[in-house]
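[1] Would you be able to build a 3D model of this:
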Amino acid sequence: MASNLPCDTLKGNYSLLPCGYQHTFLIRDPKRTIVSYYKASAGCGIKFDEWLPSSGGVKQLYDLFVYVTEMLGQEAIIIDAYDLCNNPRQILQKYCKKVGLQFQDKMLNWEPGNNDHWLPFSRNAFFTEAFTGDAIRSSKFLPMANIDVDMEGLSDYGVKQIKEAMPYYELLYEQRIKPMGN
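    Down below sits the predicted model:
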């Protein structure tokens, strides 16, 4: 089940968090995420330094993780986007086992499109394309290259956010569902 709460609704007020859910956290290396946000926002005319939350939102995600695990006493499941894209079968099989679902091969493929749920979050068609275009056109998990991210041109604000985000990302990363061999 998904919540209809806007992304910034909680703002640390976890009493607004819907009850009865198995909390799953999807994480991605802040170096990749923040650089990606920077490039996409530049193409949309959005002021990156005003739009991007502190630590790229990673500290806020970590705070929510702490609330779920310590205050609610739940096991929070963490999936790293790189692991999921490069080992979708392994990660989804482990995820399904943790949440009590039966893994099915059809979870690995889907019909491209189905993007109506993005509309409330988009300001215009370019915003949707810049931030979600590849996902909307996808029909399966595509492997991610394990290469260094080019941060050339990234603002000082972006570099600062990456530095703030990394310790929280690393704490979450250590507790993720791991593919075999890791």
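[2] And the strands in the protein, which stretches?
    24-27, 77-80 (DSSP state E).
[3] Now stretch 104-115 - C-alpha only, PDB.
    Once non-C-alpha atoms are left out, stretch 104-115 reads as follows in PDB (Å, rounded to 0.1, in the frame of the first residue of the first chain):
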ATOM      1  CA  GLN A 104       7.400 -14.000  -9.300                       C
ATOM      2  CA  ASP A 105       9.500 -13.600 -12.500                       C
ATOM      3  CA  LYS A 106       7.000 -11.000 -13.700                       C
ATOM      4  CA  MET A 107       8.400  -8.600 -11.100                       C
ATOM      5  CA  LEU A 108      11.400  -8.200 -13.300                       C
ATOM      6  CA  ASN A 109       9.600  -6.800 -16.300                       C
ATOM      7  CA  TRP A 110       6.700  -4.300 -16.800                       C
ATOM      8  CA  GLU A 111       5.000  -2.300 -19.500                       C
ATOM      9  CA  PRO A 112       6.600   1.000 -20.100                       C
ATOM     10  CA  GLY A 113       4.500   4.100 -19.600                       C
ATOM     11  CA  ASN A 114       2.100   4.000 -16.700                       C
ATOM     12  CA  ASN A 115       3.100   7.500 -15.600                       C
END
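[4] Pass me the low-pLDDT residue ranges in this structure, would you?
    Applying pLDDT under 70 to the chain flags residues 1-10, 43-52, 113-135, 182.
[5] what are the ranges of the helices in it?
    Counting by DSSP state H, the chain forms helices over residues 30-44, 48-51, 58-66, 81-86, 88-99, 125-137, 156-174, given from the N-terminal end onward.
[6] Would you mind putting the ones you listed into TSV with distance to Pro112 alongside?
    For glycine as for every other residue, the C-beta is placed from the backbone atoms N, C-alpha and C. As requested, the helices of the chain are arranged in TSV below (distance: least, Cβ to Cβ, whole Å):
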stretch	distance to Pro112
helix 30-44	20
helix 48-51	28
helix 58-66	28
helix 81-86	16
helix 88-99	16
helix 125-137	5
helix 156-174	29
